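Participant: This is the structure alone, sequence omitted:
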């Protein structure tokens, strides 16, 4: 849908798995859910997370695919593997920094979220973001998301790999990019970089 | 008479619950065919009654599509709503009347089942009196059915004993709101939650029991609102709470009296509002004087500083809302708990304005509508009191009988079961109620059911309670009969009929109309459709508090629901009940009501040192009759587990996944431990959706709130120990099947 973007906010997730259940209703992969859902540490917290594919600008899954089976469309959507080409090697499964692609033995191919291509291409919102009770998964216009406490980012730093995605992650308002490396937050490291530059 | 005829395993083989994992026609086959039509209706699985579109092909519900235009939920659905359509074409669906034989249930013709029932009811009433027969209804029924049940009990049977499973749900809140406001309804539309500066959520697991309400709370926070949550467990929404108050089970009242104490001590009350719009303030102020933060903290386990801070946050807000649910209401002082919350709102002037007020979160699918029109033991349609001569005269006129013929108030749901147990009530006709799972003290309930001389059940699946029936009438799912419901907001909605009941199943209303005919009362039940019942309901409700006269099916469709009261056809409805100083009491005021502390009915002791509290999980609904038959929902949480804090678990040598026996003064259950830091270490939690050896209600007790007659599900005393071996239920076929499927 023109003018709409996909936003993921694990802080709002209530773990109900409505997204998981609704995704399995899809016409293209009926009975199988493409949502990545986790209880992060149920013994310690009720925190949960539900993720769709992030639809990277330069998809790692496609870059590592030896069979050239993973394609990104002009709309920025990274599709599931092309069945005639997919050899089920799991390179994509191992390489994706977000852990999204899965091999489905019953379909003999890698499948993942395609942002409800069948719905978004005809002006409907993706199923998961439509039903999500807490709107942890949301498909909204930027001016709507601007009313939230958190702000969206789509820049992720994984080690030396910088990834820009189609899907946005909601982060604390003062955050520009999500880094998962402690070094990026350490004073010694920024001092070291500074002294190297000298 | 009403012992289970054959073994439970044999019954389970025949009638389930068999979890359906695929839609009718399978994932890949027939169900891929596109829908012939989309029916705009509502979810059946909680009091929010979200808008949903059912995909229908032929006479089959085959899927769903979000209904984004419906304003309450805008397409949002919880997993129960997503999978509710899986009830369509379910293999366990009852397709014929059943009659018990020594060898189990046999199929019967409708005439035989109805004649047998009418004769038995007539005989029993002749032998033991009119009141020897009782009716159980349910708050998941459309309002037309609940109206019809009330009329059937009072006109066709002439018994005073009719009550419903809302007695386990909304009656504490309803009683409190009637005392304080003179009317039983959440006084604000849900949009007000998002406008509040402070939201106090009291004993409400919003994320799991009213998931759509979560988004209203998150929007409240987006606008800068503060969230205060009171619960013995850190439920999922607690992660975003500005304050979390971990109240000890059964001590909520002390906390709310403590909050009011601080507000009054520090002069934060709104004197102008109190004097203009309320009565009874002084005695309430006096009653909280002893509840200083230290005293309240000792009772509740909430730090005194938190009590001070929460009181200031709440009272200093321009607009504050209170949301409460079963956590505070399922107590022997459930009414007091609600009144104490209302007192907080009245003292701070948080009533009758945008973004301010208190609201009860209704539990059942039609929990609000199902209690307004006459299936409560003490109410007549329109939320009228059965003891009010004017109300009796009005209803008698609508029904075409004399006021004297309307029986007086009867027993409440638990009291009916107790009267059955002691032999005072001999026959029971039950619809939409599974008391063997949902009433407290399940062994006692079983004993009572076994003593019935006649037991008839109207249901679409064979519930555990129905195992004890003499006759089972195959009734209708929500989508098989047109009618109305009323949501937690007070919004009257239109339930569309999507399909006809399958096989020889019939719409529920058929059962009561046909029984009335056989009891010689057909002239009072001349209906050809639920629309005709609804038109009579509108007349019956006219002039009552819950006035539906101005609400038609067509008006609901046009306006996406209409809020009652709506006294005339051109009236727009009343989203905010107390706007412009309106009160439903004859003195024009809201009433402060004094609350008094008392202990729980099942106190902890040296022998039973741990609190047990019960509740729901997001993937199951009430007694599970429906949702334990939907595979995807069962997979999400296949069997009840007992939540234990690591500190308590360590004390008893229990590890996550261990089998643990939880024993109360009634009975014991053995369940797997879920060792989590999200519960107070003096408390364990068990969800109650399961029957037999997995039933949390084997442990609970029958102490009732003296006014609302709600059982104290949220506070029991128990002991725990590590079990030597898995329990019998874990080895039986049913549980093993669902466990195997969930791991597959």
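Facilitator: Perfect, thanks for sending it. Computed from a predicted structure; not experimentally measured.

Participant: Tell me which residues touch residue A:15, please.
Facilitator: A:39, A:46, A:48, B:207, B:236, B:618 (Cβ atoms under 8 Å, 6 or more residues apart in numbering or on different chains). Every residue, glycine included, has its C-beta placed from N, CA and C.

Participant: can we see that at 10 Å?
Facilitator: Neighbouring residues of residue A:15 by Cβ atoms under 10 Å, 6 or more residues apart in numbering or on different chains: A:37-40, A:42, A:46-50, A:134, A:136, B:207-208, B:211, B:236, B:618, B:636.

Participant: Repeat that for residue B:459.
Facilitator: B:94, B:138, B:430-434, B:465-466, B:469, B:472-476, B:508, B:625-626.

Participant: so who does the spatially most central residue of chain A touch?
Facilitator: Closest residue to the average C-alpha location of chain A: residue A:54 at 2.7 Å, with Cα atoms, centre = their mean. By Cβ under 10 Å, 6+ apart, residue A:54 lies in contact with A:6, A:8, A:78, A:96-98, A:100, A:113, A:154, A:156, A:163-169.

Participant: How confident was the prediction at whatever residue of the stretch 451-600 of chain B ends up closest to chain A?
Facilitator: Using Cβ to the nearest Cβ, residue B:488 is the residue of the stretch 451-600 of chain B that sits closest to chain A, at 14.2 Å. What the model reports for residue B:488 is a pLDDT of 97.

Participant: Which element, helix or strand, includes the residue nearest to the centre of chain A?
Facilitator: Assigned by DSSP states H and E, residue A:54 falls within no helix or strand.

Participant: now it, nearest residue through space, not along the chain?
Facilitator: Nearest residue to residue A:54, sequence neighbours excluded (Cβ to Cβ, 6 or more residues apart in numbering or on different chains): residue A:165, at 4.0 Å.

Participant: my guess is that neighbour is in a helix, correct?
Facilitator: No. Using DSSP: H, G, I helix; E, B strand; the rest coil, the assignment for residue A:165 is strand, not a helix.

Participant: Give the burial count for it, as a bare number.
Facilitator: Residue A:165 is flanked by 22 other residues according to other Cβ atoms under 10 Å in any protein chain shown.

Participant: Could I get the contacting residues of it?
Facilitator: A:6, A:8, A:53-59, A:76, A:78, A:98, A:153-156.

Participant: redo that, cut-off 7 Å
Facilitator: Residues near residue A:165 by Cβ atoms under 7 Å, 6 or more residues apart in numbering or on different chains: A:54-57, A:154, A:156.

Participant: Buried members of these into ChimeraX, please.
Facilitator: Buried residues among the contacts of residue A:165 (16 or more other Cβ atoms under 10 Å in any protein chain shown), as a ChimeraX selection:
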select /A:54,55,56,154,156
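
Participant: near chain A, which residues of the stretch 501-650 of chain B show up?
Facilitator: B:618, B:632, B:636 (Cβ under 7 Å from any Cβ of the partner chain).

Participant: What segments of the stretch 1-150 of chain B are helices?
Facilitator: B:8-15, B:79-83, B:110-128, B:143-151 (DSSP state H, counting those that start in this stretch).

Participant: Highest mean neighbour count out of those helices?
Facilitator: Highest mean neighbour count of those: helix B:143-151, a mean of 30 (counted as mean count of other Cβ atoms under 10 Å in any protein chain shown).

Participant: So in that sheet, which strands flank the next helix or strand after that helix, and in what orientation?
Facilitator: Once the chain leaves helix B:143-151, the next helix or strand it forms, by DSSP H and E, is strand B:162-164. Next to strand B:162-164 in the sheet, as set by DSSP bridges, lie strand B:133-137 (parallel).
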